[in-house]
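J.: Fold the following, please.
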Amino acid sequence: MKKGLLQTLRADHILCSIKVSNWQEAVEVTGKFMQRAGLCTNQFTQAMFDLIEQHGPYMVIAPGIALLHASPGDYILQSGLVLITLEQPVFFGHSENDPVWLIIGLAASNDRSHVDALSELAILLSVEGMLDKIRQSSNDSKNLFELIRSSIPAMEE
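T.: Next up is the predicted model:
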């Protein structure tokens, strides 16, 4: 069964205008939020840090956007996404895509559980003007979720 973006990202999985001073705090906030959302245990945050330490800032996938995640493991309780906008962008050390203002937190229970949702999210983020609309909505999680929800049908046309 296809589990798209609207089945994976819920309204209460969005945090807006979060204040952090560096990428480490951004990872910490993301992990704690995902834990509160019931997606993972507290070991998930350390697993994200371990991946960044091993592989560098590859999680900064596009200008201003980081996809924070960890490999599937026992610390993932269920697959899901969270979305976090930062009050001020932070640097992860990526040569081209820093600084980051939008964080997508991904908990994937296996190698396939997240593919449809991430595919829809990538299409959504590539729609002309969408990142500007997200920035304009980035201080109100309900407005941001509504923007995303209302944009999904438009993508399918």
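J.: So which bits of stretch 71-79 are buried?
T.: By 16 or more other Cβ atoms under 10 Å, the buried positions in stretch 71-79 come out as Pro72, Tyr75, Ile76, Leu77, Ser79. Any C-beta I mention is one placed from the backbone N, CA and C, and that applies to glycine too.
J.: roughly how far is that stretch from the heart of the chain?
T.: Distance, stretch centre to chain centre, for stretch 71-79: 16 Å (Cα atoms, centre = their mean, to the nearest Å).
J.: quick one: the helices in this structure?
T.: All helices of the chain, identified by DSSP state H, fall at 5-8, 23-36, 43-55, 115-126, 130-136, 141-156.
J.: thinking again about what came up before, could I get the buried residues of stretch 71-79 as CSV with pLDDT and distance to Ile52?
T.: Formatted as CSV, these follow (pLDDT from 0 to 100; distance: Cβ to Cβ, whole Å):
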residue, pLDDT, distance to Ile52
Pro72, 88, 17
Tyr75, 95, 16
Ile76, 94, 17
Leu77, 94, 22
Ser79, 88, 21
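J.: Leu6 against Ile152, yeah?
T.: Yes - contact status for Leu6 versus Ile152: in contact at 5.8 Å, counting by Cβ atoms under 8 Å.
J.: Find the pair from the buried residues of stretch 71-79 with maximum spatial separation.
T.: Maximum pairwise distance in the buried residues of stretch 71-79, criterion Cβ to Cβ, is 12.7 Å, between Tyr75 and Ser79.
J.: Low-confidence regions, this protein specifically.
T.: Along the chain, the model assigns pLDDT under 70 to residues 1-2, 111-114, 153-157.
J.: Which residues are in contact with the spatially most central residue of it?
T.: For the chain, the residue nearest the mean C-alpha position is Ile104 (0.7 Å; Cα atoms, centre = their mean). Contacts for Ile104 (Cβ atoms under 8 Å, 6 or more residues apart in numbering) come out as Ile65, Ala66, Leu67, Leu68, Leu81, Val82, Leu83, Ile84, Leu121.
J.: Neighbour-wise, give me the winner out of these.
T.: Within these, neighbour counts (other Cβ atoms under 10 Å) peak at Ala66, which reaches 30 neighbours.
J.: where does the residue nearest to Ala26 when sequence neighbours are not counted sit relative to Leu121, distance-wise?
T.: Leaving aside its chain neighbours, Ala26 sits nearest to Val20 (4.8 Å; criterion: Cβ to Cβ, 6 or more residues apart in numbering). Using Cβ to Cβ, to the nearest Å, Val20 is found at 22 Å from Leu121.
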